[in-house]
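In: could you work out the structure for the sequence below:
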Amino acid sequence: MLVLLAPILAHAAHPTSFSRTQVRVEGSRASLEVRFQALSLLEVLPELDLSPDGRLDAREAEAGRAAVAAYLARNLRLFRLDGEVEHELPGTLQALVPQDPGLVDPLDLQMVDARLAFTSPLALEVLVLESHLFHETNPWHRDFTGFTWNDDEPVNHTFEGGDTRWRFEPGHVRRPGVFTSFVGLGFDHIRTGYDHLAFLLALLVASRRLRTIVGVVTAFTLAHSLTLAAAALGWVHLPARFVELAIALSIAYVACDNLLRKEARNPALEAFAFGLLHGLGFAGFLGEALAGEPLVITALFGFNIGVELGQLAVVLALVAVFALVFRKWKRTAPPDSGLAPRAVRLATSAVVALLGFYWFVERAGWL
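Out: Prediction:
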């Protein structure tokens, strides 16, 4: 029955059409190895099936080699970029090897391996790969592509539907842009992260003096940097809902602790302990941005720098405002009295405590 249906299947598009392409760049040369289904090839080049049996044997592959080479040249194109100018690289079909039909299970699809070589007068860096494989009969065809540039780690991409062009840049070309982009992302995140800012404010108003503030900020930075890196690299994982609830409680705890104390203190220990928790919160946000980004270490470092710059800007601004507003009070206040009068510290802590409890209730889903 399968033998009788084979000629029909060979000329009918199938919805599971896919291929796998590996591009390897070494200096000025590039090799492209692509594995695809024989059925996909026979759908676009039915004249190759001389039997016809819906399979491609070695004799048919050799007889149709020129037609396959021309098809691949039209539908798998590699360009070298000089600035924004594209130069197409000439490609040569070096091998076309169909899987032995006799070794293919009747219920499996036969695969074909092809290898192409591309040459360039200059060393290859920024490249564009254009793939239209089998779109004539299978517009849903997917090509799972991997790009390896010299000794770099492979970078993956999937061509699917209308996505037919992929601009590839090696790590050393992309790194500065990735770093700058994630610095901005980190800065914006702390600037709009009102829960983290409230936590910092509670720590600052609890601090005795400027030297204490330096210790608090250092402890918080060290702690959240550790857990941010550990979570982003996949070494630590906690449910995001739990982390967000715990962050809200940490804000309320520090603020309530301020309310129960008569004097300013050195909250460096709380800054470190709860900073570990806040780092997991940063990582939860960063996880989405890191999806599909191969330069994880560069992105992580840039994001952390951005967070620190944003945090430093907030701390310096608050210290400057407190120093200006409470300048007269500071002249007569004891050395360890803190940044602001006790009434201001208590009022600020009360507001932050309410915010912490509100965020907890909200994140628990009770609002």
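In: quick one: contacts for H141?
Out: Going by C-beta atoms under 8 Å, 6 or more residues apart in numbering, H141 touches S17, F18, S19, S40, L133, F134, H135, E160. Every residue, glycine included, has its C-beta placed from N, CA and C.
In: got the phi and psi for the third one?
Out: Backbone torsions for S19, taken as degrees, to the nearest 10, come to phi -150, psi 160.
In: show me what the closest residue to it other than its chain neighbours is bridged to.
Out: Take S19 and drop its neighbours on the chain: the residue closest to it by C-beta to C-beta, 6 or more residues apart in numbering is F36, 3.8 Å away. Beta bridges link F36 to S19, V112 when assigned by DSSP bridges.
In: surely F36 touches T16?
Out: No. Look at F36 against T16 with C-beta atoms under 8 Å: they stay out of range, at 12.0 Å.
In: need the contacts of H141 in JSON lines with neighbour count, can you?
Out: Formatted as JSON lines, these follow (neighbours: other C-beta atoms under 10 Å):
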{"residue": "S17", "neighbour count": "22"}
{"residue": "F18", "neighbour count": "19"}
{"residue": "S19", "neighbour count": "23"}
{"residue": "S40", "neighbour count": "23"}
{"residue": "L133", "neighbour count": "25"}
{"residue": "F134", "neighbour count": "25"}
{"residue": "H135", "neighbour count": "18"}
{"residue": "E160", "neighbour count": "14"}
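In: return the member of these nearest to D113.
Out: S19 (10.5 Å; C-beta to C-beta).
In: wait, doesn't that closest one sit right on L41?
Out: No. Using C-beta under 8 Å, S19 is not in contact with L41; the gap is 9.7 Å.
In: so what's in contact with the two at the same time?
Out: Joint contacts of S19 and L41 (C-beta under 8 Å, 6+ apart) are F134.
In: list the contacts for the residue nearest to S19?
Out: Here F36 is in contact with F18, S19, R20, M111, V112, A114, L133, F134 (C-beta under 8 Å, 6+ apart).
In: how close does it get to A299?
Out: Counting by C-beta to C-beta, to the nearest Å, the gap from F36 to A299 is 34 Å.
In: and what of A202?
Out: 30 Å.
In: compare those two and say which is more crowded by neighbours.
Out: Neighbours were counted for A202 and for A299 using other C-beta atoms under 10 Å; A202 has more, 29 against 23.
In: right, and the more buried one touches V352 too?
Out: Yes. Using C-beta under 8 Å, A202 is in contact with V352, at 4.6 Å.
In: who touches both of those two?
Out: I251, V254, A255.
In: tell me the one among these nearest to R265.
Out: The closest of these to R265 turns out to be V254 (C-beta to C-beta; 10.9 Å).
In: now the contacts of H141 as CSV including secondary structure?
Out: Shown next, in CSV, are those (DSSP: H, G, I helix; E, B strand; the rest coil):
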residue, secondary structure
S17, coil
F18, strand
S19, strand
S40, helix
L133, coil
F134, coil
H135, coil
E160, strand
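In: just flag the most distant two among those residues.
Out: Across the contacts of H141 (C-beta to C-beta), the longest gap, 14.4 Å, separates S40 and E160.
In: now the helices for the stretch 51-200 of the chain?
Out: 58-63, 65-75, 171-192, 194-206 (DSSP state H, counting those that start in this stretch).
In: and G27, which of those is closest to it?
Out: That would be helix 171-192 among the helices of the stretch 51-200 of the chain, by C-beta to C-beta, at 14.7 Å.
In: which residues does that closest one contact?
Out: 125-126, 149, 152-153, 196-197, 282, 285-286, 289, 293-295, 298-311, 314.
In: one more pass at 6 Å, please.
Out: Helix 171-192 is contacted from outside by 152, 285, 295, 298-299, 302-303, 305-307, 309-311, using C-beta atoms under 6 Å, 6 or more residues apart in numbering.
In: grab the most central residue of this protein for me.
Out: For the chain, the residue nearest the mean C-alpha position is L290 (2.2 Å; C-alpha atoms, centre = their mean).
In: and that residue, how far is that from V296?
Out: 6 Å.
In: what's the answer for V315, then?
Out: From V315 to V296 the distance is 28 Å (C-beta to C-beta).
In: now do V97
Out: 36 Å.
In: ok, T21 to E84 distance?
Out: From T21 to E84 the distance is 24 Å (C-beta to C-beta).
In: can I get the contacts of helix 171-192 in JSON lines with pLDDT and distance to P46?
Out: As requested, the contacts of helix 171-192 are exported to JSON lines (pLDDT from 0 to 100; distance: C-beta to C-beta, whole Å):
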{"residue": "D152", "pLDDT": "86", "distance to P46": "40"}
{"residue": "F285", "pLDDT": "83", "distance to P46": "52"}
{"residue": "L295", "pLDDT": "84", "distance to P46": "44"}
{"residue": "T298", "pLDDT": "91", "distance to P46": "48"}
{"residue": "A299", "pLDDT": "91", "distance to P46": "47"}
{"residue": "G302", "pLDDT": "94", "distance to P46": "52"}
{"residue": "F303", "pLDDT": "93", "distance to P46": "53"}
{"residue": "I305", "pLDDT": "93", "distance to P46": "58"}
{"residue": "G306", "pLDDT": "94", "distance to P46": "56"}
{"residue": "V307", "pLDDT": "92", "distance to P46": "59"}
{"residue": "L309", "pLDDT": "93", "distance to P46": "62"}
{"residue": "G310", "pLDDT": "92", "distance to P46": "61"}
{"residue": "Q311", "pLDDT": "91", "distance to P46": "65"}
